[in-house]
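Student: fold the following for me, if possible:
(2 chains)
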2 protein chains.
Amino acid sequence: MHPWKTLRRETVLQHSKYLTVENHTVQTPRGQIIADWSWTIAPDYVNVVAVTADGRYLCFREMKYGIADLALSIVGGYLEPGEEPAAAARRELREETGHEADDWTPLGAYRVDANHTACTAHFFLARGTRGVAARNSGDLEEQELLLLTRAEVRRALLAGEFKCLAWTGALALALLRD
Amino acid sequence: MHPWKTLRRETVLQHSKYLTVENHTVQTPRGQIIADWSWTIAPDYVNVVAVTADGRYLCFREMKYGIADLALSIVGGYLEPGEEPAAAARRELREETGHEADDWTPLGAYRVDANHTACTAHFFLARGTRGVAARNSGDLEEQELLLLTRAEVRRALLAGEFKCLAWTGALALALLRD
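Tutor: You can find the predicted model right below:
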C-alpha cells in the first residue's frame, strides 16, 4: 500500500498556542494531487480514567465551551510544552482531583482526526487513587467532582452522557479492559 | 452552574469545505473574558461498527493522511450537506463495503473536541449485514477489507491498532454493549 506524500506545506493562520493552520499539497496513495488540504495543529492532551481504592470512578459534571451543555467528564488537559504524556496525566489527576495513584496503565495514543489534524490524545487508567491534597485546578471551568460506581459510569456512558469523544473513548476502553 | 457566553465571533479563515476558523471572544463560567478563543468548524461525520450475520466485524487496513501509517479502521465518512447521520451511515456502509443491514443501533453523538471545535461524530452499530453490491468507494484511500472475529477486534483495539480516536471509541462502545 502506497503512502501519502506531502508535496508542499505553508502556514496560513497562526492563531494562538491552541491553533495553527497549514495548507498542504498532498499526493494520495492513488497518485491524485490535492492542493488545498487543510491541516490544523493543536496541542496534544491526556485523559485519565481514575478509580479510587474502593472502586469509585472520579468524574466531573461541568460546562465546556465546545459542548455548550452540562456534561459528565473525566480528568484531562493539554500537555505543557516538553511534558511527557504520563507526567501530564499525573499532574492533571492531582490538580483536578487532589488524588495520586501508583497503579498506572496506558490505554493508548490516538490521533484525534484521521485526515486533517495533528493532535494526539493519550489515555491512562489510574487505579487505587487516594486523596493527598486539595483540588487546585487552574482551569477555567467550574467542575463538580462525582464519585461514581462502575455500574453508574457504564450506564451513563452507554446513554451518551459523556458527550465528548475523548472522554467516551477513554472510559469505554477502560471498562472493556476490566 | 453558569454557562459560557460568546460575546463576539468573527471568521478569520475560510479554508475549504473541510475547515472554517473563527475567533471568539468568550466569557467563562467564572466571568473571565478571553478575546482569542479559536473555534474551528469542520463537517460532522459518521462511523459504523458493522457486523455480518455470522459475527464478523467489517474493518479495513488502510493509510490515512492524518495517521501517516498503516492502521486498522472502520466504515465512516463525512455527512453530505443536509444529510441525516443515519442516512450517511447507511450510504457509507454500502459504498465502502457493499453491505446493507436492517438492524441498526445508534451508539451516540459526540463532540470531537470539548473546547475549540464544532464537529460531531455520530456512531452506529449495524448488525446482520449482508453483501448486496460491489464496493464502490469514491474515497481517496486504498482500503483492504478485513473480516475480523470479535476476539480479533477486541485484541487489536486494546493493543491500540485502531489508531484514531473515533474508530477506537465507536468500537469500544459497541463491544462494551454486547
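
Student: not counting its neighbours along the chain, what's nearest A:Glu144?
Tutor: A:Arg61 (4.4 Å; C-beta to C-beta, 6 or more residues apart in numbering or on different chains). (C-beta placed from N, C-alpha, C; glycine too.)

Student: now A:Ala68
Tutor: A:Ala68 sits nearest to B:Trp4 (C-beta to C-beta, 6+ apart), 7.1 Å away.

Student: quick one on the thing from earlier: what about the residue nearest to A:Glu144, which helix or strand?
Tutor: According to DSSP states H and E, A:Arg61 maps onto strand A:57-63.

Student: show me what the helix or strand just after that strand is packed against.
Tutor: Later in the chain than strand A:57-63, the nearest helix or strand by DSSP H and E is strand A:70-73. On a contact count with 3 or more C-beta pairs under 8 Å, 6 or more residues apart in numbering or on different chains; DSSP states H and E, strand A:70-73 meets strand A:57-63, helix A:165-177.

Student: format those as a markdown table; extra columns: mean neighbour count.
Tutor: Below are those laid out as a markdown table (neighbours: other C-beta atoms under 10 Å in any protein chain shown):
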| stretch | mean neighbour count |
| --- | --- |
| strand A:57-63 | 21 |
| helix A:165-177 | 26 |
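
Student: and A:Trp39, what are its phi and psi?
Tutor: phi -140, psi 110 (degrees, to the nearest 10).

Student: tell me the secondary structure at A:Arg90.
Tutor: Per DSSP: H, G, I helix; E, B strand; the rest coil, the local secondary structure of A:Arg90 is helix.

Student: mind listing what's buried in stretch A:17-33?
Tutor: Going by neighbour count (16 or more other C-beta atoms under 10 Å in any protein chain shown), the buried part of stretch A:17-33 is A:19-24, A:26, A:28-29.

Student: let me know the closest of these to A:Leu13.
Tutor: A:Val21 (4.0 Å; C-beta to C-beta).

Student: wait, a helix at A:Glu95?
Tutor: Yes: assessed by three-state DSSP, A:Glu95 belongs to a helix.

Student: tell me the pLDDT at it?
Tutor: On pLDDT, A:Glu95 comes in at 94.

Student: verify the contact between it and A:Asn136 for me.
Tutor: Yes: when contacts are counted by C-beta atoms under 8 Å, A:Glu95 is listed as touching A:Asn136 (5.6 Å).

Student: between these two, what contacts are shared?
Tutor: Shared contacts of A:Glu95 and A:Asn136 (C-beta atoms under 8 Å, 6 or more residues apart in numbering or on different chains): none.

Student: please identify which of these two sits among more neighbours.
Tutor: A:Glu95 (16 against 10; other C-beta atoms under 10 Å in any protein chain shown).

Student: look up how far A:Cys119 lies from that one.
Tutor: 21 Å (C-beta to C-beta, to the nearest Å).

Student: can you identify each of the strands in chain A by residue range?
Tutor: Per DSSP state E, chain A carries strands over the ranges A:5-16, A:19-27, A:33-41, A:45-52, A:57-63, A:70-73, A:75-78, A:99-100, A:103-111, A:117-118, A:120-131, A:143-148.

Student: closest to B:Ile34 out of those strands?
Tutor: strand A:5-16 (9.9 Å).

Student: returning to what we had before: so what's the residue nearest to A:Glu144 bridging to?
Tutor: A:Leu72, A:Glu144 (DSSP bridges).

Student: same check, this time on A:Asn23
Tutor: A:Glu10, A:Ser38.

Student: kindly report the same for A:Thr6.
Tutor: A:Val26.

Student: quick one on the thing from earlier: most packed of the strands of chain A?
Tutor: strand A:45-52 (a mean of 25; mean count of other C-beta atoms under 10 Å in any protein chain shown).

Student: which residues are contacting it?
Tutor: Under C-beta under 8 Å, 6+ apart, the answer for strand A:45-52 is A:57-58, A:74-79, A:85, A:88-89, A:92-93, A:97, A:99, A:101, A:107, A:119, A:121-130, A:147, A:166-167, A:170-171, A:173-174.

Student: only alpha carbons, please: show that strand as CSV.
Tutor: What follows is strand A:45-52, C-alpha atoms only, in CSV (Å, rounded to 0.1, in the frame of the first residue of the first chain):
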residue,chain,number,x,y,z
TYR,A,45,-3.7,16.2,25.5
VAL,A,46,-4.2,13.5,28.1
ASN,A,47,-7.3,12.0,29.7
VAL,A,48,-7.3,9.8,32.8
VAL,A,49,-9.8,7.3,33.9
ALA,A,50,-9.2,7.4,37.7
VAL,A,51,-10.6,4.8,40.0
THR,A,52,-10.3,5.1,43.8
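
Student: now do that strand, average pLDDT.
Tutor: Mean per-residue pLDDT for strand A:45-52: 98.

Student: strand A:57-63 and that one, what's the angle between them?
Tutor: 130 degrees (axes from the mean of the first three to the mean of the last three C-alpha atoms, to 10 degrees).

Student: now strand A:45-52 against strand A:103-111, angle please.
Tutor: Using the same axes, to 10 degrees: strand A:45-52 against strand A:103-111 is 150 degrees.

Student: contact partners for the residue nearest to A:Glu144?
Tutor: A:70-73, A:143-144, A:146, B:1.

Student: at 10 Å what do you get?
Tutor: By C-beta atoms under 10 Å, 6 or more residues apart in numbering or on different chains, the residues touching A:Arg61 are A:70-73, A:142-146, A:161, B:1.

Student: and what of A:Leu165?
Tutor: A:110, A:112, A:121, B:108-114, B:119-121, B:123, B:165-166, B:168-170 are the contacts of A:Leu165 under C-beta under 10 Å, 6+ apart.
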